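J.: Need a 3D model of the sequence below.
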Amino acid sequence: MEPVSLQIGVKPLLHYIHVARSLCNHHSSLTLRGEGAYTEKAFVVARLLDAHTGFTQTGTVRNYPPNSTPALCVEIEVKVIKPPPIQYRYARPFYVPPDEEEEEDRLDEVYDALMQKQLALHGAAREPEFSRRGWGALRPLARSTLFRILKFLPPPTLCTVACLSRIALLLAEEEGLWRDIVKRVIMGNLRFMGTWKRSFLRYMRTHQIESDDSDAEDLVGWQYVGTLPPNSWQRYSVEEYEAMEAVLPCKHKEWLHTRVDLAPFRNVDRNHIDRVDARGMTVEWFQQHYEGPRIPVILTHAMDLWPNLTQWTPQHLSHRLGRVKCKTGKGMKMTLDRYLHYLDTQEEGRPFYLFDDDLFDKHPDLVGEYLPHLHPAFETDFLNLVEGDERPPYRWLVIGGARTGAAFHCDPWQTSAWNALVSGQKRWTLFPPGITPPGVDGTDDDYDDDYASPKPLEWHLEEAPFLPTQLRPLECVQEPGEIIFIPSGWWHMVLNLNLTICCTQNYINRFNVHDCARDMARHPKKWTKQFRTSLAAQHPDLFEDGTLKECFGSA
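T.: Numbering: from 1, shown residues only. Next up, the predicted model:
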């Protein structure tokens, strides 16, 4: 195995990791070369390559010109310690160039018997008519176009398409397709079986869609009677997953995310965000040093008296609330026991995140387990003035596994927030008001999800390594028993490093009420008038100088 070099350039970070890994499979050493602005990127690729593969180590580093600082060019030699065994589970390649039509025809003949076997495996009612090339008239279309077409097909047709060819099987079993089907048909409340396709087909063995609802009219009267397909995450070898980049980049990228070791993400400069012992902290001192000037802070020992520190375990919550349906994503609701089972068995790059605002209202005994012990600094909340059903969501039970989290956002209506962590570890990333995080398409005035933000793990892998010094965020790792305070207007993102359970609440008090009033004036809600009237009656001193009235405007 001869040494080889890789030039680092403008392509995404994950591209170079993928290419470097492939080269390490066949060569004894690899030289990463970066010039000018890409010298730092070369070091990042070397570090991530060591962390992700487990069989390489960074060796010699050479600068050109020698001893220059900063380096105009850098070469990093990566040595392969133990090349992984190559185990091809299938002989047929994922991608055949268009000019190799004769070879494609031969492979289709060889795999004709396999197609017939897959037809029975997937429970197709009859053999479809298709050419020896599988896709027939659709063959000239790009893979991405074919994948978009599959999104419009009903599940029975997808099962049949999966039997056409090797490429068709890969496209038709993509998790995103079946995840959307589960959301559309049954809103996610089923027992997870490793993949969403297996889970849905198992569900359709014992259930029939009898409703004529437009969201499921293509499944009325249909019942799956075939054998459950294998777990697609375990179907392919490492080499086959790496080859997927040319066929289905979204699955290849999600697979890369599942292999990221989150242990290095626990290493954060602890001086970024202050940690204050809450046992001796007064309300006035907290307001003077943090809430007034709007500075994030972590309060340690703030939950020492909370009984839920020992009671809110996955086993206890499953026994206590296992049959209760919870919100686990947009359009998704699962019972708590099924969601916890999902976290134990899923292998997704972006798992679902339980973020429920109704659970505390339905089970007020949960609130009684932490509210009496909450630090007095967070007792005042003007949102309590909004009564009845008009009160907006303001407190949540949050449960998530490793790789789950919340993308960059500002809390609605310029509210402040506290987050109390019962178990697990959370990595927080924060940007102050007025500084939109790199990679986010929007501003801090967009509070209605009108902006696009990458998922937490994706941001850490593809944006964070290339941030200039002046745009470095504040970061911290929150430990169990700690409460983090997020001031109003701050952009924040959280990545769960393991199974985490926490409760969180947004609130309004005299330190952020003026900004909240301005936001309500720009984006009036149905409860805005009640809030303003009740606030003026209960706290007339806030309106004495006229500035708050001006902030509300005509709201």
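
J.: if I read this right, Cys163 contacts Leu169, doesn't it?
T.: Yes: judged on CB atoms under 8 Å, Cys163 makes contact with Leu169 at a distance of 7.4 Å. C-beta coordinates here come from the backbone N, C-alpha and C atoms, glycine included.

J.: higher neighbour count, those two?
T.: Set Cys163 next to Leu169 and count neighbours by other CB atoms under 10 Å: Cys163 wins out with 23 against 20.

J.: any idea which helix or strand carries the more buried one?
T.: For Cys163, there is no host helix or strand (DSSP states H and E).

J.: Please renumber the chain so that the first residue is 4 from this point on.
T.: Sure thing, new numbering starts at 4, so read that last one as Cys166.

J.: Now it. Its backbone dihedrals?
T.: phi -90, psi 0 (degrees, to the nearest 10).

J.: try Gly334
T.: Main-chain torsions, Gly334, degrees, to the nearest 10: phi 80, psi 10.

J.: Then Ser426?
T.: phi -150, psi 160.

J.: On the strand side of things, show who it bridges to.
T.: Using DSSP bridges, the beta-bridge partners of Ser426 come out as Ile504.

J.: and what of Lys82?
T.: Under DSSP bridges, the beta-bridge partners of Lys82 are Ser32, Gln60.

J.: What is the burial count for Glu287?
T.: Glu287 has 9 nearby residues by other CB under 10 Å.

J.: swap in Thr550?
T.: If you count neighbours by other CB under 10 Å, Thr550 ends up with 11.

J.: now Pro267
T.: When neighbours are defined as other CB under 10 Å, Pro267 has 12 of them.

J.: roughly how far apart are it and Arg50?
T.: Separation of Pro267 from Arg50 (CB to CB, to the nearest Å): 8 Å.

J.: what sits against Pro490?
T.: Applying CB atoms under 8 Å, 6 or more residues apart in numbering, we find Pro490 in contact with 293-294, 297-299, 419, 515.

J.: how near is it to Gln349?
T.: Separation of Pro490 from Gln349 (CB to CB) stands at 34 Å.

J.: Secondary structure of Arg256: a helix, I assume?
T.: In this structure residue 256 is Lys, not Arg. Yes: counting by DSSP: H, G, I helix; E, B strand; the rest coil, Lys256 is part of a helix.

J.: what's around it, how many residues?
T.: Neighbours of Lys256 under the rule other CB under 10 Å: 19.

J.: Over to Glu350?
T.: By the measure other CB under 10 Å, the count of residues near Glu350 is 16.

J.: Contacts only, for the one residue sitting closest to the centre of the chain.
T.: The residue lying closest to the centre of the chain (CA atoms, centre = their mean) is Arg353, at 4.2 Å. Taking CB under 8 Å, 6+ apart, we find Arg353 in contact with 257, 260, 406-407, 458, 460.

J.: Serialize these to CSV and add fields for distance to Leu320 and pLDDT.
T.: Formatted as CSV, the contacts of Arg353 follow (distance: CB to CB, whole Å; pLDDT from 0 to 100):
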residue, distance to Leu320, pLDDT
Glu257, 28, 83
His260, 27, 86
Arg406, 21, 94
Thr407, 16, 94
Lys458, 25, 91
Leu460, 25, 93
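
J.: Most neighbours among those residues, please name it.
T.: With neighbours taken as other CB under 10 Å, the top of the contacts of Arg353 is Thr407, carrying 26 neighbours.

J.: Am I right that Ala524 falls within a helix?
T.: Yes: assessed with three-state DSSP, Ala524 lies in a helix.

J.: so it sits right up against Glu553, yeah?
T.: No: using CB under 8 Å, Ala524 is not in contact with Glu553, being 9.4 Å away.

J.: Please say which of those two ends up with more neighbours.
T.: Comparing Ala524 with Glu553 by other CB under 10 Å, the one with more neighbours is Ala524, at 16 against 13.

J.: where's the more buried one relative to Glu287, distance?
T.: As for Ala524, its distance to Glu287 is 31 Å (criterion: CB to CB).

J.: Then Lys336?
T.: Noted for Lys336: a distance of 43 Å to Glu287, by CB to CB.

J.: What of Leu167?
T.: According to CB to CB, Leu167 and Glu287 sit 71 Å apart.

J.: Just the buried residues of stretch 363-373, please?
T.: Within stretch 363-373, the residues scored as buried using 16 or more other CB atoms under 10 Å are 363, 369, 372-373.

J.: With just CA atoms, put the helix or strand harbouring Arg430 into PDB.
T.: Assigned by DSSP H and E, Arg430 belongs to strand 429-434. Taking C-alpha atoms only, strand 429-434 is exported to PDB below (Å, rounded to 0.1, in the frame of the first residue of the first chain):
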ATOM      1  CA  LYS A 429     -26.200  19.200  27.200                       C
ATOM      2  CA  ARG A 430     -23.800  21.200  25.100                       C
ATOM      3  CA  TRP A 431     -25.000  24.800  24.800                       C
ATOM      4  CA  THR A 432     -23.900  27.300  22.100                       C
ATOM      5  CA  LEU A 433     -24.900  30.900  22.400                       C
ATOM      6  CA  PHE A 434     -24.600  34.100  20.400                       C
END
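
J.: Tell me the strands beside it, with direction?
T.: By DSSP bridges, strand 429-434 pairs with strand 477-481 (antiparallel), strand 494-499 (antiparallel).

J.: Could you list the residues in contact with the longest one?
T.: What that stands for is strand 494-499. 265, 268, 403-413, 427-436, 438-440, 443, 447, 456, 459-460, 462-463, 489.

J.: 6 Å instead?
T.: Outside strand 494-499, the residues that touch it by CB atoms under 6 Å, 6 or more residues apart in numbering are 403, 407-411, 413, 429-434, 440, 459, 489.

J.: centre of the chain versus the strand or helix carrying Leu302, how much separation?
T.: Assigned by DSSP H and E, Leu302 falls within strand 300-303. Centroid separation for strand 300-303 versus its chain: 25 Å, with CA atoms, centre = their mean, to the nearest Å.
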